[in-house]
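> for reference, the sequence and a predicted model appear below.
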Amino acid sequence: MGHQLQFSQDPNSKHLGTTVWDSSMVFAKFLEKNCRKGRFCPSKLKGKRVIELGAGCGVAGFGMALLGCDVVSTDQIEVVPLLRRNVEWNTSSITQINSNSDSFGSIQVAELDWGNEDHIKAVAPPFDYIIGTDVVYAEHLLEPLLQTILALSGPKTTIILGHEIRSTIVHEQMLQTWKSFFEVKIVPKAKMDSKYQHPSIQLFIMGLKPLAATAEKANSAVSSASENRTQGIDQQVNEVETSKSDPQKEVICGSSTSIDDSDSELKEDQLPLTRLPNGKLSEWEARRYGSMAARLLRDIKIT
Ligand SMILES: C[S@@+](CC[C@H](N)C(=O)[O-])C[C@H]1O[C@@H](n2cnc3c(N)ncnc32)[C@H](O)[C@@H]1O
């Protein structure tokens with residue numbers, strides 16, 4: 001979007017939010033690719049209120065702010081200082097150093113622990129957009145996240161989530177939960193940036209279904225999704241490309257873990273071999289290989 005942003009990470013922290021996760025980059029690059037016309041162009045987004053949940057370093061929120069939105073970037077208290085530093089640094093770089101900052105909206109930081117009613121009230125819902133990337137990585141997060149999304153939503157709220165599939169169980173439970181409450185569209189890979197995409201990373205664009213609003217429904221949906229998770233994903237999802245974009249099978253083969261996704265030409269063991277002239281991996285390739293290595297090493301203890 002014409003800006004070069006810098007995000008500090010904290011490699012010494014054990015908190016997940018102090019690292020930039022790949023789906024946030026896929027999300028920001030998706031916005032960049034789709035901001036010339038349609039719902040993501042700055043003239044449509046100018047002044048829209050956006051909240052980012054579990055923002056971490058804040059990459060996805062900056063994508064929306066660069067298109068004119070007024071963003072509240074939120075996370076747990078432990079992550080807030082680093083998030084604030086990243087927001088302040090990049091905001092001043094965009095507004096002072098770059099002359100090309102006309103479409104920039106604003107971005108503020110707030111503590112928001114999912115399910116905390118005081119935190120939710122303090123950010124003054126409802127929002128036009130609720131965004132989050134890589135915010136569902138464990139089953140126990142689904143219920144507080146869903147309740148928070150419902151509490152922050154109004155009838156016209158759009159929810160955009162980026163998700164990297166790491167566990168088929170969590171993924172299926174998540175989809176079933178979302179589908180109980182939202183009309184779910186899965187962004188086809190063709191709409192994503194040609195480089196910043198991966199078979200295991202999905203973007204969901206969702207709107208509230210009518211009558212889906214109570215906390216009790218949220219509770220029962222999450223527990224019934226949990227009970228039903230082995231029954232597979234129901235087929236009524238309103239996907240942009242219904243038959244193609246729903247990876248359901250995780251295959252562990254040889255030295256690589258790949259997600260079966262017929263929509264994409266990219267497979268993890270067939271990463272595009274675009275190499276830099278000096279033979280090094282591109283930054284995105286290096287990130288993806290790193291992610292694969294982390295997954296393979298997840299259960300290995302070095303003593
Ligand atoms: C995997 S990180 C992703 C960070 C960032 N969205 C990204 O894509 O780089 C998950 C984020 O969710 C946040 N998170 C987890 N549980 C949360 C909770 N109960 N309330 C608020 N944030 C939470 C973490 O603090 C962390 O920043």
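Nice, thanks for sending it over.
> any idea how far the strand or helix carrying residue 89 is from the middle of the chain?
Following DSSP states H and E, one finds residue 89 within helix 80-92. Centroid separation for helix 80-92 versus its chain: 19 Å, with Cα atoms, centre = their mean, to the nearest Å.
> next one: phi and psi at the residue nearest the centre of the chain?
By Cα atoms, centre = their mean, the chain has its centre lying nearest to residue 133, at 1.8 Å. Main-chain dihedrals, residue 133, degrees, to the nearest 10: phi -130, psi 130.
> over to residue 158?
According to degrees, to the nearest 10, residue 158 has phi -110, psi 140.
> next one: residue 111
Taking degrees, to the nearest 10, you get phi -80, psi 130 for the backbone angles of residue 111.
> give me the pLDDT for it.
Reading off the confidence values, residue 111 has pLDDT 98.
> which of the helices and strands in the chain ranks last by mean pLDDT?
Least confident helix or strand, the chain: strand 249-253 with a mean of 25, by mean pLDDT, DSSP states H and E.
> list the contacts for residue 106?
65, 70-71, 91 (Cβ atoms under 8 Å, 6 or more residues apart in numbering). For every residue, glycine as well, the C-beta is placed using N, CA and C.
> pull the most distant pair out of these.
70 and 91 (12.3 Å; Cβ to Cβ).
> show me what the residue of the stretch 151-300 of the chain found nearest the ligand is bridged to.
Across the stretch 151-300 of the chain, the shortest distance to the ligand (Cβ to the nearest ligand atom) belongs to residue 162, at 6.9 Å. Beta-bridge partners for residue 162, by DSSP bridges, are residue 133, residue 203.
> so who does it touch?
Residues in contact with residue 162 (Cβ under 8 Å, 6+ apart) are 23-24, 26-27, 60, 132-134, 201-204.
> swap the cut-off to 6 Å and go again
Counting by Cβ atoms under 6 Å, 6 or more residues apart in numbering, residue 162 makes contact with 23, 26-27, 133, 203.
> redo the residues you listed as CSV? Include distance to the ligand and pLDDT.
Converted to CSV, the contacts of residue 162 look like this (distance: Cβ to the nearest ligand atom, whole Å; pLDDT from 0 to 100):
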residue, distance to the ligand, pLDDT
23, 6, 97
26, 9, 98
27, 8, 98
133, 4, 97
203, 12, 98
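> report the two of the residues you listed separated the most.
Once Cβ to Cβ is applied, the contacts of residue 162 give 133 and 203 as the farthest pair, at 8.7 Å.
> show me what from the protein comes close to the ligand.
Proximity of the chain to the ligand, by Cβ under 6 Å from any ligand atom, involves residues 16-17, 20-21, 23-24, 54-57, 59, 75-76, 79, 113-114, 133-135, 137, 141, 144.
> rounded mean pLDDT for the one helix or strand residue 172 maps to, please.
According to DSSP H and E, residue 172 maps onto helix 168-181. For helix 168-181, the mean per-residue pLDDT is 91.
> next secondary structure after that helix?
strand 182-186.
> check whether residue 119 really touches residue 80, as I assumed.
No: judged on Cβ atoms under 6 Å, residue 119 makes no contact with residue 80 at a distance of 11.3 Å.
> and which of the contacts of residue 106 is nearest to the ligand?
Nearest to the ligand among these is residue 71, at 13.0 Å by Cβ to the nearest ligand atom.
> do I have it right that the closest one meets residue 65?
Yes: using Cβ under 6 Å, residue 71 is in contact with residue 65, at 4.6 Å.
> more neighbours: which of those two?
Using other Cβ atoms under 10 Å, the more surrounded residue of residue 71 and residue 65 is residue 71, with 29 against 26.
> what bridges to that one?
Going by DSSP bridges, residue 71 forms beta bridges with residue 50, residue 107.
> distance of residue 72 relative to residue 60?
13 Å (Cβ to Cβ, to the nearest Å).
> what does the helix holding residue 89 contact?
With contact meaning Cβ under 6 Å, 6+ apart, helix 80-92 is reached by 5, 7-8, 10, 18, 55, 57-58, 75, 107, 109, 111.
> just the buried positions in it, please.
Across helix 80-92, burial judged by 16 or more other Cβ atoms under 10 Å covers 80, 82-87, 90-91.
> same thing with stretch 165-173?
165-166, 170-173.
> let me have the residues you listed in TSV, extended by distance to residue 191.
What follows is those, written out as TSV (distance: Cβ to Cβ, whole Å):
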residue	distance to residue 191
165	18
166	23
170	24
171	20
172	23
173	26
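> now do the same contact list for residue 77.
residue 111.
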